[in-house]
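> Quick one, structure for this:
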Amino acid sequence: MSTPTQPAPPRPPAAGPKIDALEYLRGLAAFYVFVHHLVHLHLKYTYPWLSKIFVFGQTAVMLFFILSGFVVYYSSVGTPGGTEVRPYLIRRFRRIYPPLLVALLIGFVARWIRGRYDPDLHNLVGNLLMLHDRPGHPGSWFDPYAGNSPLWSLPYEWWFYVVFIALFSRAGSRPERLQYWAAAIGAVGFVGYQIFPNQPALYLAYFPLWWSGAELAREYMEEGKLTWRRQAFSFGVVAALTVAWGAVRALTPDADTLFGYPGVQVRHHISVLAMLVGGMAYFKAGHPGFRTLLRPLGTIAPVSYALYVIHEPMIQAARDRIQFGGPWLPVAVVVPIIFAVAWLTEKPLQRRINKLLPAR
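Here you go, the predicted structure:
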């Protein structure tokens with residue numbers, strides 16, 4: 001007599017096509033940062049109300065961190081051989097460095113157009129080594145090259161990639177443990193930065209923010225859904241770090257704003273925590289209006305990284321050199337050029353780089 005067979009458990013989804021929601025959010029973040037700088041460099045004196053709307057540029061960067069953590073985990077862990085160290089690092093290198101090199105070249109040209117002929121080799125080398133950050137942080141080694149402020153987030157991304165593969169190569173057989181390693185790395189970075197302010201410690205202190213996106217991807221791939229229970233630890237780590245940075249802010253007597261150290265760190269962590277909790281609640285509620293409102297911005301997603309890294313020096317050069325025609329003429333001239341360069345960087349150039357540097 002044969003016994004009835006048990007139904008096979010559902011297989012977790014592997015990394016497949018791009019997830020539309022992530023593409024829409026990536027387009028939103030890039031477009032918001034772009035308009036943020038356009039407004040603050042060109043239009044805030046003519047239209048001061050616009051600067052009040054587009055004031056959350058760094059919050060959009062924090063959204064990039066969450067999305068990056070999700071996408072890197074989703075695409076690497078869900079792909080056969082995706083977490084082999086050498087191919088992984090080649091893929092990450094060829095994704096982040098070619099647009100960066102274009103941005104550095106544009107920054108150099110923009111400096112020259114604006115009458116600044118010093119090549120600033122100190123910060124150029126620091127940017128190439130991914131060891132720069134926003135000016136004004138204690139222990140900061142290098143500034144973003146040519147005043148291209150969006151470049152500050154790139155070394156965070158790069159070292160997040162490196163820490164991720166180092167963790168996964170050691171503990172990838174037990175991925176549920178990785179969240180505890182991520183929390184420990186963040187704690188070590190935070191404490192180390194308070195004892196001896198230095199750039200690598202600050203990168204490590206921010207790693208749990210990026211890892212919160214990876215934890216979302218891990219549950220989605222294993223269960224096909226997202227739950228408060230599975231995300232509680234990750235959210236809790238971000239909340240704990242928010243409190244810790246808040247304490248540093250309270251104990252720093254000369255920290256009089258939220259725009260310099262350590263107020264900006266408090267703002268970053270609050271914004272990540274708010275996006276995680278608010279985003280989870282919103283999607284649990286059925287995400288009303290999400291596709292309708294954000295789908296058009298999905299068209300920007302394929303060029304979002306290049307748009308993010310190249311736009312500010314071009315806007316600065318247009319502002320300084322086009323002194324007639326009111327505030328909108330420089331905008332009308334430079335915006336099509338920015339999008340054209342972003343497309344050339346992300347499409348023809350990136351395809352060529354991928355052929356020259358195959359991951360396998």
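> Could you use CA atoms for every contact and neighbour count after this?
Will do.
> Please name the residues that touch Ile300.
Going by CA atoms under 8 Å, 6 or more residues apart in numbering, Ile300 touches Gly27, Ala30, Phe31.
> What's the local residue count around the second one?
The reference is to Ala30. 26 (other CA atoms under 10 Å).
> what do you get for the first one?
Other residues within reach of Gly27 by the criterion other CA under 10 Å amount to 24.
> and what of the last one?
Phe31 has 19 neighbouring residues, counting by other CA under 10 Å.
> Distance of it relative to Ala317?
20 Å (CA to CA, to the nearest Å).
> Then the second one?
Counting by CA to CA, the gap from Ala30 to Ala317 is 20 Å.
> these two touch, right, His311 and Val35?
No: taking contacts as CA atoms under 8 Å, His311 lies outside contact range of Val35: 9.8 Å.
> More neighbours: which of those two?
His311 (27 against 17).
> which stretch of helix or strand covers that one?
helix 304-321 (DSSP states H and E).
> Can you tell me what sits against that helix?
With CA under 8 Å, 6+ apart as the test, helix 304-321 has contacts from 26-27, 30-31, 33-34, 37-38, 41-42, 99-100, 102-103, 106-107, 110-111, 113-114, 146-151, 330-331, 333-334, 338-339, 342-343, 345-346.
> do the same with stretch 197-211
Against stretch 197-211 from outside (CA under 8 Å, 6+ apart): 65-70, 131-133, 138-141, 155-156, 159-160, 179, 182-183, 185-190, 192-193, 234, 237-238, 269, 272.
> how far out from the middle of the chain is the helix or strand of the chain with the lowest mean pLDDT?
Taking mean pLDDT, DSSP states H and E as the measure, the chain has helix 48-53 as its least confident helix or strand, at a mean of 80. The chain centre lies 24 Å from the centre of helix 48-53; the measure is CA atoms, centre = their mean, to the nearest Å.
> then it to PDB, C-alphas only?
C-alpha atoms of helix 48-53 as PDB (Å, rounded to 0.1, in the frame of the first residue of the first chain):
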ATOM      1  CA  PRO A  48      12.500  80.100  -2.400                       C
ATOM      2  CA  TRP A  49       9.500  77.800  -1.800                       C
ATOM      3  CA  LEU A  50      11.100  75.200  -4.100                       C
ATOM      4  CA  SER A  51      14.100  74.900  -1.700                       C
ATOM      5  CA  LYS A  52      11.700  74.000   1.100                       C
ATOM      6  CA  ILE A  53      10.200  71.100  -0.900                       C
END
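> Which SSE is immediately downstream of the helix or strand harbouring Tyr203?
Here Tyr203, judged by DSSP H and E, is contained in helix 199-205. Note on helix 199-205: by DSSP H and E, the next helix or strand toward the C-terminus is helix 207-223.
> next SSE after that following helix?
Heading C-terminal from helix 207-223 (DSSP H and E), you reach helix 228-250.
> In that following helix, which residues are buried?
231, 233-235, 237-239, 241-242, 244-246, 248-249 (16 or more other CA atoms under 10 Å).
> so which of these comes closest to Tyr88?
Nearest to Tyr88 among the buried residues of helix 228-250 is Ser234, at 24.4 Å by CA to CA.
> residues contacting the closest one?
By CA under 8 Å, 6+ apart, the neighbours of Ser234 are Gln179, Pro208, Trp211, Ser212, Glu215.
> separation between Met62 and Ile19?
19 Å.
> okay, those two: which has more neighbours?
Met62 (22 against 10).
> mind listing what Trp159 touches?
Tyr203.
> Recalculate using a threshold of 10 Å.
Met130, Leu131, Ile165, Pro200, Tyr203, Leu204, Phe207 (CA atoms under 10 Å, 6 or more residues apart in numbering).
> Can you pick out the most distant pair from these?
Top of the distance list for the contacts of Trp159 (CA to CA): Leu131 and Ile165, 19.0 Å.
> re earlier: any idea which of the contacts of Trp159 is closest to Ile322?
Ile322 has its nearest neighbour among the contacts of Trp159 in Met130, at 32.7 Å by CA to CA.
> Assign a three-state SS to the closest one, would you?
coil (DSSP: H, G, I helix; E, B strand; the rest coil).
> So which elements touch the helix ranked longest in the chain?
Using DSSP state H to define each element, the chain has its longest helix at helix 85-113. If you count contacts as 3 or more CA pairs under 10 Å, 6 or more residues apart in numbering; DSSP states H and E, helix 85-113 packs onto helix 57-77, helix 121-128, helix 154-171, helix 304-321, helix 328-344, helix 350-356.
> And these: which comes nearest Gly289?
Using CA to CA, the nearest of the helices and strands packed on helix 85-113 to Gly289 is helix 57-77, at 19.2 Å.
> by contact count, what packs against that closest one?
helix 20-38, helix 85-113, helix 154-171, helix 207-223, helix 263-284.
> I'd say Phe190 and Trp245 touch.
Yes: between Phe190 and Trp245 a contact is recorded at 8.6 Å, counting by CA atoms under 10 Å.
> follow-up on the earlier one: let's have the helices and strands packed on helix 85-113 in JSON lines, adding distance to Met221 and mean pLDDT.
Putting the helices and strands packed on helix 85-113 into JSON lines (distance: least, CA to CA, whole Å; pLDDT from 0 to 100) gives the following:
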{"stretch": "helix 57-77", "distance to Met221": "7", "mean pLDDT": "94"}
{"stretch": "helix 121-128", "distance to Met221": "34", "mean pLDDT": "95"}
{"stretch": "helix 154-171", "distance to Met221": "16", "mean pLDDT": "94"}
{"stretch": "helix 304-321", "distance to Met221": "25", "mean pLDDT": "91"}
{"stretch": "helix 328-344", "distance to Met221": "31", "mean pLDDT": "91"}
{"stretch": "helix 350-356", "distance to Met221": "27", "mean pLDDT": "94"}
